[in-house]
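A.B. asks: Build me a structure from this.
(one chain, ligands or ions: 2)
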Amino acid sequence: MKNKRFVGVMFELLEQLLDTEEVSAAFSGMLEMLTRILNCEAGAVWLLDKDADRLVPIAQTGPVNFTNISAENGLGVEGLVTRDGKSIVIQDTMTGEYPGSVFDDCGPLVRSMLCVPLRNLTEVVGCLQLVNRKDSQGFDEEEQQLCERLAALGALTIEEKGFRVSAGERKQVLISLRGIIKEFPSGDGVLRVLKGIDLDIYQNEFVVILGESGCGKSTLVNIIAGMDHLTDGSLIIDGKDFSHPTDRELTRFRREYLGFVFQQYNLMPNLTAQENVQFIADLVRDPMTAEEAIAKVGLTERAGNFPSMLSGGQQQRVSIARAIVKNPKIIFADEPTAALDYQTSIEVLQVFEQIVQSRGSTVVMITHNPEIARMANRVVKLRNGVISSIRVNLHPAMAAELVW
Ligand SMILES: Nc1ncnc2c1ncn2[C@@H]1O[C@H](COP(=O)(O)OP(=O)(O)O)[C@@H](O)[C@H]1O
Ligand SMILES: [Mg+2]
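C.D. replies: Ligands and ions are numbered 1, 2, ... in the order given. So this is what the prediction gives:
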């Protein structure tokens, strides 16, 4: 019965695929039919851009919005299927093993999923993904096999038409993490907080690290930023191995290369805004002037004020000025707006936006607010000590557009 319907669909699709010059339109048609027949909420077709090693959506159906993103190959369900060429079927994300997916950020929360590779005769070129079965029935083997065949047809069409996608150019790597493991002593044993993190951070990008409280965001950034030692794995910064640095190397590196902004402003109460910034400028070799840093965060009028005379948002801007005055290559910000109201948060985020745009710096910002992720170039999602997805916003939102 099901098989018969599938045969009909296959013929229809075959015709469409072979006729079409519009490959994405044909795949949209395929997705629509499949979601209808399999009674699913949504679906997507991803293709691999080999140069960028990222997946680009070429078709989507259901309440999802992938128009603006690409996903890292090898991560999340779609990335794993494309990298390994093996189908993944998840009947229930709550009870089954679920590596995460960019779907969770761009549409309905994933409950069930069928994801099959787009494989032509020689290689895997992407994947086809169906999400959230509406009935309580799971995806069965027959359905999986038929989807695999349709996907193979699709892959052959893509090859035949010479269809290509582009996820944009690859940027220069500034920091490279491989297999990072972090354990803390806990009772008699250890608590493994980071369970094998692979991540590159590029020159001049705004990365947001997103995840629920306790998933390991701060631990990860503390390691990248040389504030904590890793248990295992490798950390390469600007071509130098910092996996097991001496304290002296670490201090120098932190001082010269990095700026930090935290949820707490940590300003010295007996120094004015400008003196707080000057104090840091005096520690490094090639700072900008304190005046310039204060001007960049829009506080020139308040430069002579003590922290107690400034609002929370203004104090946070002083702490950003203190971070940028060093002319750092990278600025780390751990929940910088968590203590601020909405309006003030937007103002602070605008300062970060300008830093990335005008100075070519890299900003790595931790947040648990998914709305803030919209302004990032890349969103790294952390779940329980592993990266569950990395997505790229091809057109990041402006801070002023964010609403929560
Ligand atoms: N110094 C530490 N010693 C022991 N456990 C820690 C330490 N730092 C963090 N943890 C634990 O590691 C986990 C992740 O913490 P953290 O990285 O701060 O999470 P997040 O920033 O995502 O909220 C938590 O369970 C936390 O209790
Ligand atoms: Mg934290």
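
A.B. asks: for the stretch 151-300 of the chain, what spans make up the helices?
C.D. replies: Taking DSSP state H, counting those that start in this stretch, the helices of the stretch 151-300 of the chain run over residues 217-224, 247-257, 273-281, 290-296.

A.B. asks: Just list the residues touching L156, thanks.
C.D. replies: For L156, the contact set (C-beta atoms under 8 Å, 6 or more residues apart in numbering) comprises 120-121. Every C-beta, even on glycine, is put in place using the N, C-alpha and C of the backbone.

A.B. asks: repeat that with 7 Å
C.D. replies: By C-beta atoms under 7 Å, 6 or more residues apart in numbering, L156 lies in contact with N120.

A.B. asks: pLDDT value on it, please?
C.D. replies: For L156, the pLDDT comes out at 88.

A.B. asks: Look up how far ligand 1 lies from I372.
C.D. replies: Relative to ligand 1, I372 is positioned 15 Å away (C-beta to the nearest ligand atom, to the nearest Å).

A.B. asks: where among the helices of the stretch 151-300 of the chain is the average confidence lowest?
C.D. replies: Looking at the helices of the stretch 151-300 of the chain, the lowest mean pLDDT belongs to helix 247-257 (a mean of 84).

A.B. asks: Go ahead and name everything in contact with it.
C.D. replies: Identification of contacts with helix 247-257 by C-beta under 7 Å, 6+ apart yields 226, 242, 283-285, 328-330.

A.B. asks: Just flag the most distant two among those residues.
C.D. replies: Greatest spatial distance among the contacts of helix 247-257 (C-beta to C-beta): F242 and L283, at 20.1 Å.

A.B. asks: the more surrounded of these two?
C.D. replies: With neighbours defined as other C-beta atoms under 10 Å, F242 and L283 compare such that F242 has more, 18 against 11.

A.B. asks: show me what contacts G385?
C.D. replies: Contacts for G385 (C-beta under 7 Å, 6+ apart) come out as 192-195, 215-216.

A.B. asks: So for I201, what's the nearest residue that isn't a sequence neighbour?
C.D. replies: The shortest distance from I201 to any non-neighbouring residue, by C-beta to C-beta, 6 or more residues apart in numbering, is to I175 (4.2 Å).

A.B. asks: Please disregard the earlier target; I meant R178.
C.D. replies: S234 (4.8 Å).

A.B. asks: swap in F306?
C.D. replies: Spatial nearest neighbour of F306, chain neighbours left out: T272 (5.7 Å); criterion: C-beta to C-beta, 6+ apart.

A.B. asks: Can you tell me what sits against the helix or strand hosting L349?
C.D. replies: Element membership of L349 [criterion: DSSP states H and E] is helix 342-359. For helix 342-359, contacts defined as C-beta under 7 Å, 6+ apart pick out 204, 206, 297, 312-313, 316-317, 320, 324, 331, 333, 336-337, 340, 361, 363, 365, 372, 375, 398-400, 402, 404.

A.B. asks: Of the residues you listed, which belong to helices?
C.D. replies: Counting by DSSP state H, the part of the contacts of helix 342-359 found in helices is 312-313, 316-317, 320, 324, 372.
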